[in-house]
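In: Next come a sequence and a model predicted from it.
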Amino acid sequence: LPSEPTKKMTMDEPVESLLSTTASKLVGKPINRVDGSLKVSGQATYSAEFYIEGQVYGVLVGATIAKGKVKHIDSRAVEALPGIIKVVTDPKHFLRNAQQGGEKKAPTQGVAEIFYHGQPIAAVIAETFEAATEGAKALKVTYQDETEDAVIDFDSALTDAHPVDEKKGSDKNHKQGNPEQGLKESEVSFDQIYHTPSQSNSPMEPHATLAYWEDEKLVLYTANQMLSSCKQQVADALNLDPNNVQLIARYVGGGFGSKLGIAPESIAAAISAKELKRPVLIVMTRPQVMETTIRRSDTRQRIGIGCDKEGVINTFIHNTITSNLPGESFFEPTALSTHYLYRGENRQVDYQMVDVNKVLSGSMRAPGEAVGMIAVECAMDELAIQLDMDPIELRRRNEPEQDPSQEIPFSTRQLIACMEKGAEQFGWEKRNKMPAKCLEGDWWLGIGMAASARGNKLKLSEARATLQIDGSKTLGVKAIIETDMTDIGTGSYTVFSQIAADLLGLPVDHIEMKLGDTSLPPAVGSGGSMGAASSGSSIYLACQQLREMLADKVGLHSDTIQLNNGQISKIGEQEATVTETIIESGKNVATELVEKLAEKTSVAIPDSVLDLLPEEQKAKQNRYDFSRHKNYSLADIIAQYDDQKLSAKGEIKPGKNEKTHRQSSFGANFAEVAVHRVTGEIRVKRMTGVFAAGRILNHKTATSQCYGGMVFGIGSALMEEVIHDKHDGRLCNHDLSEYHIPVNADVPQLDVILLEEDDRYTNPMHIKGIGETAISGAAAAIANAIYNAVGIRVRDFPITLDKLI
Ligand code: MOS
């Protein structure tokens, strides 16, 4: 097949955006989710809900020791139970999982050992889910040596910290100037240790996979965030040609990082389906999700800051120790924003890690900044108090003119604007800067703030856009957008529909989005707040390519066309609508309207007349004469193509802009808390977040993303903590009744303000990642408010009431 016309763009220089020029200006509008009614009516089908004729059910069985070897699995006794088909044990494949999206790393092969409690060691397959559950409970596993010493406790393992493998991380160690000396010799210095606990991603939809084979080809309906890289992981794990692997995830009920890579149930379902020659569905229970997918690592962070008496920082040190399973390379990149957040000629970022026998650590909700900025932004608050300075003023004085570690300019940076807007909106000036001064009834009240920053990234992504005739649509034509990008609840279906609708001049309901299937053009997927920018840009480019093809077809330059309401016109010559004409024409409606319409309307040359002309004159400029006729319908144009459709692709790539300009979203969180005088109970009373993240694609979905980040800031500050039993490594709080995330009663009304921003360096849409911006720093704002309320500084998170009394 001839390759489709493809618009490619590498972000090597700033670009203008067509989104500023479209007639409909749908991008930005707070439209409702296009998939909203499907979701609330149960018609959006999630992985666990598919049924394929003949399918059977699997339940995973996890190890009950944290370190050691399996001696025997008594499959026979279980296989004799009613309804049980087989106990599938294939330690080569699903003992460990690969979770780091983008790393393209396959699950570790040939591992015959247990590395953590809960590690899957078998799958019991049965005719019903209930039988499989019973079988899994009944399965007797014996271990060779149950006394092998597992390392569970992070704090006591810290002495064995070793350097990280920087090549495999998403951040690097950094040293400039002379940090330790700078700290020692500064007029004012600050040096403290912060601890954040292990946390669980806890997406609403548990991980689930339905696997079946079509000869050599494996098809997985699975809950994943990043399909292209997961396809590769599955292929690597099972030694398959990636072309023989198809992943389908049209709807995903949240991931928060836990679905960036494949989880063990995918591989277990795939090999079980192969052995049994039947489709196999494995749905994890909530405890299994928490025990066998990933967790966020516990962190120990040292923050050292040196400054003069005026608060001008010369030294910033951020050293972090995190944990992971032995042999794993992922480490929580806590200092991602430390590289550029504040000024300082001496700077050090250093990462170390310890090996522990706990659930694999991986990316979770703004990996890096979400917990790194807890330390940084609490430290800034502490330093402001030490200097007797307003915390916003301290940050203002440390605003760098450029990225201080790479010495490159920021593409845009609105940290100060966000802080100022937030201060005004929140009533910051009412804050009593002395802590523990405001007692209202039995509650101490306090106000705090923290900055937010989350780096912006672009990743290679492709999409296809097709315009085709569709008689069921009012305009007779629709656009189909295809990419294997996912919508994990973030609003991809909606914001991409808005982009395509604007660029193709069609209403949103004329856009058919096809996402979440690896048979579609590959995209980066949902993760790292890169999805909307990367996938959205590929869709933008595919639509731009279509615009150019349409312009060419009608004999115009693409710069001079306007697409609106299913019509193509020449810029500046759009036909006024009848209503507009009536309004324009004022009083003598009847007479003037007739005259005006006569003026503005022209008749297209009928095909019957065109057909009489010699061949060369039938060219497009004759068919499309914009001096005679102001608009042509897209449907009519598309109808002329043999297969009644017009298709094009778009491809975006990161380029030099990443190196020449530091790109980041910025923001500021403000919180007011109440702390009970007697019990120490902490309630968040209100929060305001102000964020600048480039052009906003949809104010409603973007605001919702920020709400989510702020809610999880409350979780990080006050409640979330994975606890492993120090004796056997079992995850003690492995469900949502014991692992506390904020619920409605914990969350006050949140205010979100999105500042206007135009960043031409990021991508052709000028958008930036927003999903993970709000959580970055949110917990610190709450911690700082707690200090302001009661004068107690807690550096060991979460801040539970016992730490205040
Ligand atoms: Mo996000 S933790 O990059 O899914």
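Out: Yes, it's here.

In: Return the set of buried residues in stretch 624-644.
Out: Residues 624, 626, 629, 630, 631, 632, 633, 634, 635, 636, 637, 638 are the ones in stretch 624-644 that count as buried (16 or more other CB atoms under 10 Å). Any C-beta I mention is one placed from the backbone N, CA and C, and that applies to glycine too.

In: Actually, stretch 137-152.
Out: Buried residues in stretch 137-152, counting neighbours by 16+ other CB under 10 Å, are found at 139, 141, 143, 150, 151, 152.

In: out of those, who's nearest residue 306?
Out: Within these, proximity to residue 306 (CB to CB) peaks at residue 151, which comes in at 34.9 Å.

In: Now do the closest one, the pLDDT please.
Out: In this prediction, residue 151 carries a pLDDT score of 96.

In: Could you look up the SS state of it?
Out: Secondary structure, DSSP: H, G, I helix; E, B strand; the rest coil: residue 151 is coil.

In: just checking, it touches residue 158?
Out: No: applying CB atoms under 8 Å as the test, residue 151 and residue 158 come out as separate, 10.9 Å apart.

In: which residue packs closest to the closest residue to the ligand within the stretch 601-750 of the chain, ignoring adjacent ones?
Out: In the stretch 601-750 of the chain, the residue that lies nearest the ligand is residue 712 (10.9 Å; CB to the nearest ligand atom). Distance criterion CB to CB, 6 or more residues apart in numbering; nearest residue to residue 712, sequence neighbours excluded, is residue 775 at 4.9 Å.

In: do residue 539 as well
Out: Residue 539 sits nearest to residue 463 (CB to CB, 6+ apart), 4.5 Å away.

In: related to what we said a few turns ago, mutual contacts of residue 151 and residue 158, please.
Out: Common contacts of residue 151 and residue 158 (CB atoms under 8 Å, 6 or more residues apart in numbering): residue 354.

In: rewinding a little: in the helix or strand harbouring the residue nearest to residue 539, which residues are buried?
Out: Element membership for residue 463 (DSSP states H and E) is strand 461-469. Within strand 461-469, the residues that count as buried by 16+ other CB under 10 Å are 461, 462, 463, 464, 465, 466, 467, 468, 469.

In: Return only those of those residues found close to the ligand.
Out: Of the residues in the buried residues of strand 461-469, proximity to the ligand by CB under 6 Å from any ligand atom holds for none.

In: Where does the closest residue to the ligand within the stretch 701-805 of the chain sit, in terms of helix or strand?
Out: Here the residue of the stretch 701-805 of the chain nearest the ligand is residue 772; by CB to the nearest ligand atom that distance is 6.6 Å. Under the criterion DSSP H and E, no helix or strand holds residue 772.

In: likewise residue 525?
Out: Using DSSP H and E, residue 525 falls outside every helix and strand.

In: Not counting sequence-adjacent ones, nearest residue to it?
Out: residue 226 (3.0 Å).

In: what about the residue nearest to residue 712, distance to residue 545?
Out: Distance of residue 775 to residue 545, computed by CB to CB, to the nearest Å: 36 Å.

In: The residue in the stretch 251-400 of the chain that the ligand sits nearest to in helix, strand or coil?
Out: At 2.7 Å from the ligand, residue 257 is the closest residue in the stretch 251-400 of the chain, using CB to the nearest ligand atom. Classification of residue 257 by three-state DSSP places it in coil.

In: what does residue 453 give?
Out: Under three-state DSSP, residue 453 comes out as strand.

In: Distance check, it against residue 277.
Out: 52 Å.

In: So which of these two has more stuff around it?
Out: residue 453 (27 against 9; other CB atoms under 10 Å).

In: Just give the nearest non-adjacent residue to that one, would you?
Out: residue 337 (4.0 Å).
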